[in-house]
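Undergrad: My questions are about this predicted structure, shown below with the sequence.
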Amino acid sequence: MRLCARLLALVMLIALPTTLATQRALAETTLDKILKEKKIRVAIDVGNPPFGILDKDGQPDGSDVAVARQMAKDMGVELEFVQVPSTGRIPALLAGRADVTIASISVTTDRAKAVMYCHPDGALSIVILGPKSVAIKTPADLVGKRIGITRATLEEATVPKMAPQGTNIVWFDEIGATIQALLSGQVDAVAMTSFAGKTVADANPDRGIETKLPVTTAYYAPIVRPGDFELRQWINTWIFLNTQNGTLAALYKKYTGVDLPPLPIF
Amino acid sequence: MHYVFQFNVVWEHLPELLNGALLTIELSAAAMALGLLLAVLCAYGGAAGPKPVRLLVQAYVELIRNTPFLVQIFIIYFSLPVAGIRLTANTAALLAMTVNLGAYASEIIRAGIDAIPQGQVEAARALGLRRLQIFRFVILFPALKTVYPALASQFILLMLSSSVVSTISAVELTAITNSLQSTTFRSFEFYFVATGLYLAMALGFRVVLNAIYWQVFQRGRAA
C-alpha cells in the first residue's frame, strides 16, 4: 500500500511539470497563429468616412484601412479585411472572426471591460451639426429637437449625457441611415465625428449644413481580444515606431486633412 | 476561444428588453390586423373588381413581393418627408409592415379563392345570394379556412422580419438589443436572450392564431 502511494507520488512529481510545459507549448497565441498562417484578419468599418470608406472601385479605403495595410506590410503577412457595421466592431473581434479591429474605436472605460486597447493611433471630435435653418447655439437649444445618433459609437456614449432633459434622441443602426435622416428631414440635427460631418456638408452644399456644438474629443485605438498581450505588444511597438517616423501623421493628414495631435500612450 | 458568459448584466436590463418585445408584439399584431384587411380588399378587388382595379392590385402585389422589405422601409421613412409627410419611426414601421403583409397575404388568399369550385359559386347565385353575400359566405370564408395555415406562417414571418425596422430608429426588441449590446459589449448574451424572446413570441403568436382558427372556423360547426 505504502509502495503504491510512493510510486504514485513519484509519477505525479514527474508528470506534473511535463504536463504544464506541454500546455504552455500548446497554447498558441493569436500572434503565433498570425505569423504561422502568414495572414492577419482585421475588422474594419467601411461606412465611416474618412476612417473607413469604399473607393469608387468598391475597395476599402480610409485612414483606418491605410493603417491596417501598412501594419500588415510591416508584419510581413497577408491582410484579410473583415467588413463589419459599427455595431459589429467589438462582436466580430470577440467571436474570433477577426484578430484585431482597426475601426477608429474611441477609448472608453466601458469598452475596456470587454476588449483590450492598444495605444491610440488617432484622435477624433464629435460634433452636433444640422442645416442653417435649425437654431442650435447652446446645449439648452437641443430641447424639443430630434437629434439623430448612430448606435455603438462614441456619440451614443456622450450625446445622451450632455443633452438636457426634453431632447428627442433618435437611434439609428448605421451612420448611413443617420445621414439620410438628416438629409430627408426626419431629424433636426445629428451627432457624428467632425470629419464625417464635413464629408456630409461638402457632399450636400445646397443644404447649408454647419457645425452647431462640440460634444467631445477622444483618442481612438486598435482593439484586440482580452488576453492577447503578445499581439497588443507587437501593435504597440508598431504604433510607437510609426509615430516616431511620421507615417501615422502622414496617413492621418492624407485622409482627414488636419494635423494629427500628439498621441498619448497608456 | 475563451469567453466567459456574464448573463447578470442582461437580467439588469430585462425590463428594457421586455419593453422592446412589447413594441414588437404591438407592431406585429396591428400590422397583422391591418394587413389582413388590406389583403382581403385586394383579393376582392383582384378577383371581382373592374379591370383597372385588377391591374392596380396586380402591380402593387408584384412591386412589394419583388423588392426587399428593408428598401420598402427606407422609402417610406426617408422619402415621404420630401413629399411633406413626416411619419414617426413607429408609424412608418407599421405602414411598411402592413403594406408588405398585405401583398403577401393577398396572394395567399387569392390561392384559396382559386381553390373554390366554380359550381359552388353558381349554386349560391342560383339560390339568389347577392354579390357581396356570395363573396363573404361562399368564397372568402371557405378560402380563408383553406389557407389559414399559410396565412399564419406569413404572420409569424412578419413578426420576425419586424426586426429590421430598428434601422429607421423604431425602438423594438432588436433596436433595444443592439443598443444594450453596444453599450455593455455583452453581445452574445444579449443576442441569445433576444433570440429566446423572439422564439417565445413566435410560439405565443402561434398559440393565439390557432385559438382564433378554432374560434372562427371550428366551433359549433360539424366538419
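TA: Good, I have the coordinates. Numbers count the residues shown, from 1 in each chain, chains lettered A, B, ... in the order given.
Undergrad: how many neighbours does A:Thr211 have?
TA: By other Cβ atoms under 10 Å in any protein chain shown, 15 other residues sit near A:Thr211. Just so you know, the C-beta spots here come from the backbone N, C-alpha and C atoms, and that holds for glycine as well.
Undergrad: just how off-centre is the helix or strand where it lies within its chain?
TA: If you go by DSSP states H and E, A:Thr211 is part of strand A:209-220. Computed by Cα atoms, centre = their mean, to the nearest Å, the chain-centroid distance of strand A:209-220 equals 17 Å.
Undergrad: which residues touch it?
TA: Strand A:209-220 is contacted from outside by A:104-108, A:120-132, A:134, A:136-139, A:154-155, A:158-159, A:162, A:182, A:189, A:191, A:194, A:197, A:200-201, A:263-264, using Cβ atoms under 8 Å, 6 or more residues apart in numbering or on different chains.
Undergrad: three-state assignment of A:Val190?
TA: State at A:Val190, reduced to three classes by DSSP: H, G, I helix; E, B strand; the rest coil: strand.
Undergrad: State the phi and psi torsions of the closest residue to it other than its chain neighbours.
TA: Leaving out its chain neighbours, the residue that sits closest to A:Val190 by Cβ to Cβ, 6 or more residues apart in numbering or on different chains is A:Gly148, at 4.2 Å. When quoted as degrees, to the nearest 10, the phi and psi of A:Gly148 stand at phi -90, psi 130.
Undergrad: Show the pLDDT at A:Ala196.
TA: A:Ala196 is assigned 88 on the pLDDT scale.
Undergrad: again with A:Ile235
TA: Predicted confidence (pLDDT) for A:Ile235: 97.
Undergrad: Contacts only, for it.
TA: For A:Ile235, the contacting residues are A:71, A:100, A:118-119, A:222, A:224, by Cβ under 8 Å, 6+ apart.
Undergrad: Distance to A:Gly208, pLDDT and secondary structure added to these, as JSON lines?
TA: Converted to JSON lines, the contacts of A:Ile235 look like this (distance: Cβ to Cβ, whole Å; pLDDT from 0 to 100; DSSP: H, G, I helix; E, B strand; the rest coil):
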{"residue": "A:Met71", "distance to A:Gly208": "39", "pLDDT": "97", "secondary structure": "helix"}
{"residue": "A:Val100", "distance to A:Gly208": "40", "pLDDT": "98", "secondary structure": "strand"}
{"residue": "A:Cys118", "distance to A:Gly208": "39", "pLDDT": "97", "secondary structure": "coil"}
{"residue": "A:His119", "distance to A:Gly208": "39", "pLDDT": "97", "secondary structure": "coil"}
{"residue": "A:Pro222", "distance to A:Gly208": "37", "pLDDT": "98", "secondary structure": "coil"}
{"residue": "A:Val224", "distance to A:Gly208": "42", "pLDDT": "97", "secondary structure": "strand"}
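Undergrad: Now do the same contact list for the nearest residue to B:Gly20 once chain neighbours are set aside.
TA: Closest residue to B:Gly20 apart from its sequence neighbours, by Cβ to Cβ, 6+ apart: B:Ile176 at 3.4 Å. Residues counted as contacts of B:Ile176 (Cβ under 8 Å, 6+ apart) are B:16-17, B:19-20.
Undergrad: tally of neighbours for the residue nearest to B:Ala124 when sequence neighbours are not counted?
TA: Once flanking residues are discounted, B:Ala124 sits nearest to B:Val138: 4.3 Å by Cβ to Cβ, 6+ apart. B:Val138 is flanked by 19 other residues according to other Cβ under 10 Å.
Undergrad: cool, and B:Met201?
TA: Considering only other Cβ under 10 Å, B:Met201 is surrounded by 20 other residues.
Undergrad: Packing partners of the helix or strand harbouring it?
TA: Assigned by DSSP H and E, B:Met201 belongs to helix B:187-213. Secondary-structure packing of helix B:187-213 (3 or more Cβ pairs under 8 Å, 6 or more residues apart in numbering or on different chains; DSSP states H and E): helix A:89-94, helix B:8-12, helix B:14-48, helix B:141-161, helix B:173-184.
Undergrad: Give me the next element, helix or strand, following the helix or strand of chain A with the lowest mean pLDDT.
TA: Lowest on mean pLDDT, DSSP states H and E among the helices and strands of chain A sits helix A:2-26, with a mean of 59. Once the chain leaves helix A:2-26, the next helix or strand it forms, by DSSP H and E, is helix A:30-37.
Undergrad: ok, which stretches of the stretch 101-250 of chain A are strands?
TA: Assigned by DSSP state E, counting those that start in this stretch, the strands in the stretch 101-250 of chain A fall at A:116-117, A:122-131, A:146-150, A:168-172, A:189-193, A:209-220, A:223-224.
Undergrad: which residues sit in contact with A:Val77?
TA: With contact set as Cβ under 8 Å, 6+ apart, A:Val77 has these partners: A:34-35, A:37-40.
Undergrad: swap the cut-off to 10 Å and go again
TA: Shown in contact with A:Val77 (Cβ atoms under 10 Å, 6 or more residues apart in numbering or on different chains): A:34-40, A:71.
Undergrad: Which entries within the residues you listed meet the buried criterion?
TA: Among the contacts of A:Val77, the ones that count as buried by 16 or more other Cβ atoms under 10 Å in any protein chain shown are A:34-35, A:40, A:71.
Undergrad: Make JSON lines out of those and add distance to chain B.
TA: Putting the buried ones among the contacts of A:Val77 into JSON lines (distance: Cβ to the nearest Cβ, whole Å) gives the following:
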{"residue": "A:Ile34", "distance to chain B": "15"}
{"residue": "A:Leu35", "distance to chain B": "19"}
{"residue": "A:Ile40", "distance to chain B": "17"}
{"residue": "A:Met71", "distance to chain B": "23"}
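Undergrad: CSV for those residues, including distance to B:Phe205?
TA: Shown next, in CSV, are the buried ones among the contacts of A:Val77 (distance: Cβ to Cβ, whole Å):
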residue, distance to B:Phe205
A:Ile34, 47
A:Leu35, 52
A:Ile40, 45
A:Met71, 49
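Undergrad: Give the ranges of residues in chain B that sit below the confidence cut-off.
TA: For chain B, the stretches with pLDDT under 70 are B:1-2, B:220-223.
Undergrad: Leaving out sequence neighbours, find the closest residue to A:Glu80.
TA: Spatial nearest neighbour of A:Glu80, excluding adjacent residues (Cβ to Cβ, 6+ apart): A:Arg41 at 4.7 Å.
Undergrad: hmm, back to that, tell me which two of the contacts of A:Val77 sit farthest apart.
TA: Maximum pairwise distance among the contacts of A:Val77 (Cβ to Cβ): 17.7 Å, between A:Lys36 and A:Met71.
Undergrad: Who wins on neighbours among the contacts of A:Ile235?
TA: Neighbour tally across these (other Cβ under 10 Å): the maximum, 30 neighbours, falls on A:Pro222.
Undergrad: Alright, calling it a day.
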